[in-house]
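A.B. asks: Model the following, please.
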Amino acid sequence: MCKLFTAWGKEIHEYCKDNGLDFSKVEKSGKCWGPNVLMLQHIDPQKGKNGLQDETPAPVTLIVKKKNGRLMFEQTKHTKRYLVSK
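C.D. replies: Numbers count the residues shown, from 1 in each chain. The predicted model follows:
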């Protein structure tokens with residue numbers, strides 16, 4: 001489990017609620033992180049059955065950065081497609 005997602009979970013949940021994003025989809029997202037950044041990715045369960053041999057891209061759907069003690073959120077061109085509440 002990603003420690004940043006665990007630590008920032010409440011704020012990410014609030015951001016999703018305020019912006020019409022489905023937090024349950026965010027929770028299931030792939031996660032890539034660094035010291036002060038968390039990138040959420042869409043993982044298609046129908047693809048990637050052969051691991052790295054598939055070379056299946058996982059588009060970044062939301063970027064969360066911590067700057068000056070505050071979380072900053074950046075939506076990508078894939079955010080609405082994969083994370084919008086239905």
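A.B. asks: Please count neighbours and contacts with C-alpha atoms only from this point.
C.D. replies: Noted.
A.B. asks: now what about the longest helix anywhere in the chain, what contacts it?
C.D. replies: The longest helix of the chain (DSSP state H) is helix 3-18. Helix 3-18 is contacted by residues 21, 22, 23, 33, 38, 71 when judged by Cα atoms under 8 Å, 6 or more residues apart in numbering.
A.B. asks: what's the spacing between the following helix or strand past that helix and its chain's center?
C.D. replies: Per DSSP states H and E, the first helix or strand lying C-terminal to helix 3-18 is helix 23-28. Centre-to-centre, helix 23-28 and its host chain are 8 Å apart (Cα atoms, centre = their mean, to the nearest Å).
A.B. asks: sorry, back to before: residues of the longest helix of the chain that come out buried?
C.D. replies: Using 16 or more other Cα atoms under 10 Å as the test for burial, helix 3-18 gives 4, 5, 12, 13, 15, 16.
A.B. asks: For residue 2, which residues are in contact?
C.D. replies: Contact analysis of residue 2 by Cα under 8 Å, 6+ apart lists 31, 33.
A.B. asks: how near is it to residue 85?
C.D. replies: As judged by Cα to Cα, to the nearest Å, residue 2 and residue 85 stand 23 Å apart.
A.B. asks: Next: residue 31.
C.D. replies: Distance of residue 31 to residue 85, computed by Cα to Cα: 20 Å.
A.B. asks: State the number of residues packed around residue 62.
C.D. replies: Applying other Cα atoms under 10 Å, we find 23 residues neighbouring residue 62.
A.B. asks: Run through the chain and note the low-pLDDT ranges.
C.D. replies: 1, 48-55 (pLDDT under 70).
A.B. asks: report the longest strand in it, please.
C.D. replies: strand 60-67 (DSSP state E).
A.B. asks: pull the CA atoms of the helix or strand that that one is followed by into PDB?
C.D. replies: Next along the chain after strand 60-67, taking DSSP H and E as the criterion, comes strand 70-75. As requested, C-alpha coordinates have been extracted for strand 70-75 and formatted as PDB (Å, rounded to 0.1, in the frame of the first residue of the first chain):
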ATOM      1  CA  ARG A  70      -0.500  21.900   1.400                       C
ATOM      2  CA  LEU A  71      -1.800  19.300  -1.100                       C
ATOM      3  CA  MET A  72      -2.200  20.500  -4.600                       C
ATOM      4  CA  PHE A  73      -4.300  18.500  -7.100                       C
ATOM      5  CA  GLU A  74      -3.800  18.400 -10.800                       C
ATOM      6  CA  GLN A  75      -6.300  16.800 -13.100                       C
END
